[in-house]
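*Asks:* With the sequence up front, the predicted model follows.
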Protein chains: 6
Amino acid sequence: MQTLAIYPGSFDPVTNGHLDILQRATMLFDRVVVAIAHNVNKQGLFTPDERADLLRTVIGDNDKVEVDVFEGLLIDYARRRGARSIVRGLRAVADFEYEFQLALMNRRLEPSVDTIFLMTDESNFYVSSSLVKEVARFDGDVSEFVPDAVREALLAKLAR
Amino acid sequence: MQTLAIYPGSFDPVTNGHLDILQRATMLFDRVVVAIAHNVNKQGLFTPDERADLLRTVIGDNDKVEVDVFEGLLIDYARRRGARSIVRGLRAVADFEYEFQLALMNRRLEPSVDTIFLMTDESNFYVSSSLVKEVARFDGDVSEFVPDAVREALLAKLAR
Amino acid sequence: MQTLAIYPGSFDPVTNGHLDILQRATMLFDRVVVAIAHNVNKQGLFTPDERADLLRTVIGDNDKVEVDVFEGLLIDYARRRGARSIVRGLRAVADFEYEFQLALMNRRLEPSVDTIFLMTDESNFYVSSSLVKEVARFDGDVSEFVPDAVREALLAKLAR
Amino acid sequence: MQTLAIYPGSFDPVTNGHLDILQRATMLFDRVVVAIAHNVNKQGLFTPDERADLLRTVIGDNDKVEVDVFEGLLIDYARRRGARSIVRGLRAVADFEYEFQLALMNRRLEPSVDTIFLMTDESNFYVSSSLVKEVARFDGDVSEFVPDAVREALLAKLAR
Amino acid sequence: MQTLAIYPGSFDPVTNGHLDILQRATMLFDRVVVAIAHNVNKQGLFTPDERADLLRTVIGDNDKVEVDVFEGLLIDYARRRGARSIVRGLRAVADFEYEFQLALMNRRLEPSVDTIFLMTDESNFYVSSSLVKEVARFDGDVSEFVPDAVREALLAKLAR
Amino acid sequence: MQTLAIYPGSFDPVTNGHLDILQRATMLFDRVVVAIAHNVNKQGLFTPDERADLLRTVIGDNDKVEVDVFEGLLIDYARRRGARSIVRGLRAVADFEYEFQLALMNRRLEPSVDTIFLMTDESNFYVSSSLVKEVARFDGDVSEFVPDAVREALLAKLAR
């Protein structure tokens, strides 16, 4: 039986840190769905569709990975997709506590789906989408933190 | 002399976690005032009066408990009510630090009122008003996290 | 009915931080038992009896406070004494987590006894028995951190 | 290809918390090796062989699980066994930081082996081998925290 | 060669905690620039110019200190000013993690500028601009937390 | 006037993480004393003199750096040497809290000496003397974590 995992997030935009977690998740599961949360109450810099396009561009041809956008509860989406696992990257203690509460809540809502955590590589320890956007907004160089296609999309978006 | 404690919070809406702390606080004090903070700058899902009604409904007849709404500084409210203690539930490290700073600030503003902390029961460890609202917003089942009356009020409110 | 609380610890030796928590606990309860844990596997600088004597000296005449030494599980001692509450001081996040686990474990062992936490005053934030002993061991001045009787006992003990 | 994971620890003795993590790990991997670290510098309550026997007793017949004892570096053991994953349970922030450092160190020593983390179920949040031993040592009831066979082994061992 | 450090922040408004860090920074460097971040997306209670005036008033004549307002990336500002060091005060674990990420990011963007941290004095441990504003907003007494000129400016601003 | 800082620690043995902090400290101060704490109650793998020799070897000729061994209270040593600053590297939250308490205690003992903190570089985030010793003990490769001379000393010491 094929194993399927969901790797959820905002990905606004995708960073090298996300790609590291994704690549490691594909070593664990037959198939990984990168699932972009579409939160109607929280506008991002990129639209969910733009984020999906960027993800598809930087991932390239990879049979093991699918990019999707979802609305509503993550746990419902995971159930609908037949996933048994949710993958999350951990970076810091602040992450840890929120993620802990979310993982426990999700297990109570649906015991058959478990959350597994991977530790962010030290080279991406301080790379978050929001820090990257802040650096790019003020013309800082983000080429070490995101793929080229994302850097260009940031420049184009912020130049408007 | 009767001992009086204030149990302050947003209670937007009350959860099983709040009720656990409240019940344990009534073992320590002769009388506990559940004090709903009315913050004019921060709109909730329920109005302060709706939150008070929900609290009164789920608490039922209990001579030891009073529900009230207050504006302004908590420490002034506590002083006005003649309380000697403020009760807070602790759930996580992030809570802890903010609560620590607040408790020290309040002691400096009014040394005669002390803050005491109770640890959230493990079964409510991940139950917060904001997570409950998010689950309810997407039609998730919240019956394990809040009393029935609150679940119904959430459904009615979010259906509008 | 009289309310009774246990304030447990090693008190090896008692510091100003302990005395601050004790004094605040006596505002909450009719009677507080300072309970010195006698751990046969862990030798202290002072014997449990010496610690009890120091505590009695610095507390002086106070009908609300009793000093005792106990062996075995704290929760059994609390039950035996008819206490409904255990009082603990919190100083830092590291404290917090260990205390959290202990409080939950104790509630599971005996639901009728609850643990309440008080935040250490900022002026005693960094005062621990072990730091005080280290400072005293190297002839540092500890007069700001412990009562005079404790300072003298430390000097006498370490001079041997 | 069969996926193999190592679940390392002291297991002195195994608790319900360990068994919860193990059971969830078997949902993720074809085969899980419970690997008891034999640290010659740190004597446990049970010998490594006794711990292995207890683990085998409480796990029972399960083709997916193997119990083993290892000496030396975990990462070398994982490599020797052909494992691609190390499984660890996370309980608290203090765990988190140490585990983070260890996971990064292990990735640097051997990039092909990744560490994945599962969050301890809330009902086992405060159950650790060391707390269980302390409770048992003072005749406290540990039947909610460990399987029966472990409880009996604890009683027998501590009665000596 | 003269050493120059940047002490950046919002200073909305300056508190006794900021002044303690600033005074200690002047012991380490020949010259310290208090650099008010002008964030066009985040309106403060005081305008950046008002904050600068308040800072100049409370600092008074001091050849070692300069007050300035900057826009854009802190690290670019530091480079432009020829600073080798950024000074930050640390108060709590939550601060710590965010500051850690920022410091690492800044070192990657510009290795020649290092961030150094000073621990907030215990008497200012819980004094933050936001808590001070909240207390002042509800007519609480802030005279222990900010200089007189700041207290008066708060009263004038909030009375409008 | 020359500025002098103390960089204290166990350095049992020195790692690349220590050398990174030391190198950055020399950018801030005219002279830095690497001060090896000689704790008679805690035996290390290397004697204090061996640690000093290793430090001198890996530091080489550097007029700005001195290596010394001290006994007793750090703050007394700093005073004796005429230092105005103590330098410490921060790696994690657990470090942070202990360091916070120590820094506050030291300021109370001697207000004229301040502690400044530098954040460990991400590439050394998980490199500690104790982890390095554990890896070396089991024949793991430590060449990425310590200088060559230290690696050889570890091999020689552990082969005995």
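*Replies:* Thanks, I have the structure now.

*Asks:* which one is residue A:129 nearest to, not counting chain neighbours?
*Replies:* Nearest in space to residue A:129, with sequence neighbours left out and distances taken as CB to CB, 6 or more residues apart in numbering or on different chains, is residue A:12 at 5.3 Å. (Each C-beta comes from the backbone N, C-alpha and C, glycine too.)

*Asks:* Make sure residue A:52 is indeed in a helix.
*Replies:* Yes - counting by DSSP: H, G, I helix; E, B strand; the rest coil, residue A:52 falls inside a helix.

*Asks:* State the pLDDT value of residue A:99.
*Replies:* Looking at residue A:99, its pLDDT is 81.

*Asks:* so it sits right up against residue A:87, yeah?
*Replies:* No - if you go by CB atoms under 8 Å, residue A:99 and residue A:87 don't touch, sitting 11.3 Å apart.

*Asks:* quick check, the lengthiest helix in chain A touching chain D?
*Replies:* What stands out as the longest helix in chain A, according to DSSP state H, is helix A:93-109. Yes - using CB under 8 Å from any CB of the partner chain, helix A:93-109 comes into contact with chain D via A:93, A:96-97, A:99-100, A:103-104, A:107.

*Asks:* quick one: that helix to chain centroid distance?
*Replies:* For helix A:93-109, the separation from the chain centroid amounts to 16 Å (computed by CA atoms, centre = their mean, to the nearest Å).

*Asks:* likewise stretch A:124-135?
*Replies:* On CA atoms, centre = their mean, the centre of stretch A:124-135 falls 13 Å from the chain's centre.

*Asks:* Quick check: end-to-end length of that stretch?
*Replies:* Distance between the boundary residues of stretch A:124-135 (CA to CA, to the nearest Å) amounts to 15 Å.

*Asks:* Just the buried positions in that stretch, please.
*Replies:* By neighbour count on 16 or more other CB atoms under 10 Å in any protein chain shown, the buried set for stretch A:124-135 is A:124-129, A:131-135.

*Asks:* between the helix-or-strand element of chain A with minimal mean pLDDT and helix C:93-109, how many degrees?
*Replies:* When the helices and strands of chain A are scored by mean pLDDT, DSSP states H and E, helix A:93-109 comes last with a mean of 80. Between helix A:93-109 and helix C:93-109, the angle comes out at 20 degrees (axes from the mean of the first three to the mean of the last three CA atoms, to 10 degrees).

*Asks:* Run through the residues that contact the nearest residue to residue A:112 once chain neighbours are set aside.
*Replies:* Distances taken as CB to CB, 6+ apart place residue A:84 nearest to residue A:112, at 6.8 Å, with adjacent residues excluded. The contact partners of residue A:84, taken as CB atoms under 8 Å, 6 or more residues apart in numbering or on different chains, are A:3-5, A:112-114, D:27-28.

*Asks:* again with residue A:152
*Replies:* Contacts of residue A:152 by CB under 8 Å, 6+ apart: none found.

*Asks:* I'd guess it is in a helix, am I close?
*Replies:* Yes - counting by three-state DSSP, one finds residue A:152 located in a helix.

*Asks:* Show me which of residue A:99 and residue A:87 is the more surrounded one.
*Replies:* residue A:87 (25 against 19; other CB atoms under 10 Å in any protein chain shown).

*Asks:* Would you confirm that the more buried one belongs to a strand?
*Replies:* Yes - under three-state DSSP, residue A:87 falls within a strand.

*Asks:* Any figure for the gap between it and residue E:101?
*Replies:* 22 Å (CB to CB, to the nearest Å).

*Asks:* do the same with residue A:71
*Replies:* 30 Å.

*Asks:* With neighbour numbers in mind, choose between the two.
*Replies:* Just comparing residue A:71 and residue E:101: by other CB under 10 Å the higher neighbour count belongs to residue E:101, 20 against 12.

*Asks:* Looking at chain A, which residue is nearest chain F?
*Replies:* Closest approach between chain A and chain F, counting by CB to the nearest CB: residue A:122, at 4.7 Å.

*Asks:* hang on, the earlier thing: give me the common contacts of residue A:99 and residue A:87.
*Replies:* A:115, A:117.

*Asks:* The closest residue to residue A:73 other than its chain neighbours: neighbouring residues, count only.
*Replies:* Among residues not flanking residue A:73 along the chain, residue B:138 sits closest, at 4.3 Å (CB to CB, 6+ apart). Other residues near residue B:138 come to 14 when the count uses other CB under 10 Å.

*Asks:* now swap in residue A:31 and tell me
*Replies:* 16.

*Asks:* Can you dump the C-alpha atoms of the least confident helix or strand of chain A in CSV for me?
*Replies:* The C-alpha trace of helix A:93-109 is given here as CSV (Å, rounded to 0.1, in the frame of the first residue of the first chain):
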residue,chain,number,x,y,z
VAL,A,93,10.8,26.4,21.1
ALA,A,94,8.0,28.8,20.2
ASP,A,95,7.2,26.6,17.2
PHE,A,96,7.3,23.6,19.4
GLU,A,97,4.6,24.6,21.8
TYR,A,98,2.1,25.7,19.2
GLU,A,99,2.8,22.6,17.1
PHE,A,100,2.4,20.4,20.2
GLN,A,101,-1.0,21.7,20.9
LEU,A,102,-2.1,21.5,17.3
ALA,A,103,-0.8,17.9,17.0
LEU,A,104,-2.7,16.8,20.1
MET,A,105,-5.9,18.6,19.0
ASN,A,106,-5.7,16.9,15.6
ARG,A,107,-5.1,13.5,17.1
ARG,A,108,-8.3,14.0,19.2
LEU,A,109,-10.3,15.0,16.2
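
*Asks:* how about that helix, does it reach chain B?
*Replies:* Yes - residues of helix A:93-109 contacting chain B under CB under 8 Å from any CB: A:93-94, A:97-98, A:100-102, A:104-105, A:108-109.
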